[in-house]
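*Asks:* Below: sequence and its predicted model.
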Amino acid sequence: MSKIKATIFHNPRCSKSRKTLELLQQQDLDITTIDYLNSPPDSETLADVLERLNCSPRDIIRNNESEYTQAGLDDPSVSDRSLIEAIISYPHLLQRPIVLIGEGAAIGRPPEAVLDLLS
């Protein structure tokens, strides 16, 4: 029987991301790890992630990063398209880790939240 496939948008410097990856590895999954800081997702990938998470770009953007306020992204009138473009330009703005399994997705905050995708 083939393993369940999982994809993690991973930042190896983030403790939550490392813990989430460790939890996934304990589940004996076929894991694809994307170091999104070095290989940022494109707009099509982000649209897929947003659809799976059933959320808006504002929900997956880290609002505590300096680029968030410097680029004026804290303005509620900033469009979803502009937020997606900002995530592509500044990939560290992407909330992490994000895990995709099947048609579902979860943000690993806390890391254990991704285990719900397996039930």
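*Replies:* Noted; the coordinates are in hand. Numbers count the residues shown, from 1 in each chain.

*Asks:* Can you list the low-confidence ranges for the chain?
*Replies:* By pLDDT under 70, the chain has no low-scoring segment.

*Asks:* who touches the spatially most central residue of the chain in this structure?
*Replies:* The chain has residue 98 as the residue nearest its centroid, 3.1 Å off, counting by CA atoms, centre = their mean. By CB atoms under 8 Å, 6 or more residues apart in numbering, residue 98 lies in contact with 8-9, 49, 53, 60, 105-108. From N, CA and C alone the C-beta is placed, and that goes for glycine too.

*Asks:* which residues of this protein fall in strands?
*Replies:* 5-10, 30-35, 98-101, 104-107 (DSSP state E).

*Asks:* For the chain, which segments count as helices?
*Replies:* Applying DSSP state H to the chain gives helices spanning 15-26, 43-53, 66-70, 80-89.

*Asks:* Only the buried residues of the shortest one, if you could.
*Replies:* In this case it means helix 66-70. Across helix 66-70, burial judged by 16 or more other CB atoms under 10 Å covers residue 68.

*Asks:* From residue 83, how far out is residue 77?
*Replies:* 11 Å (CB to CB, to the nearest Å).

*Asks:* Between those two, which is the more surrounded one?
*Replies:* residue 83 (22 against 6; other CB atoms under 10 Å).

*Asks:* Apart from its chain neighbours, what residue comes closest to the more buried one?
*Replies:* Excluding its sequence neighbours, the residue lying closest to residue 83 (CB to CB, 6 or more residues apart in numbering) is residue 57, at 3.7 Å.
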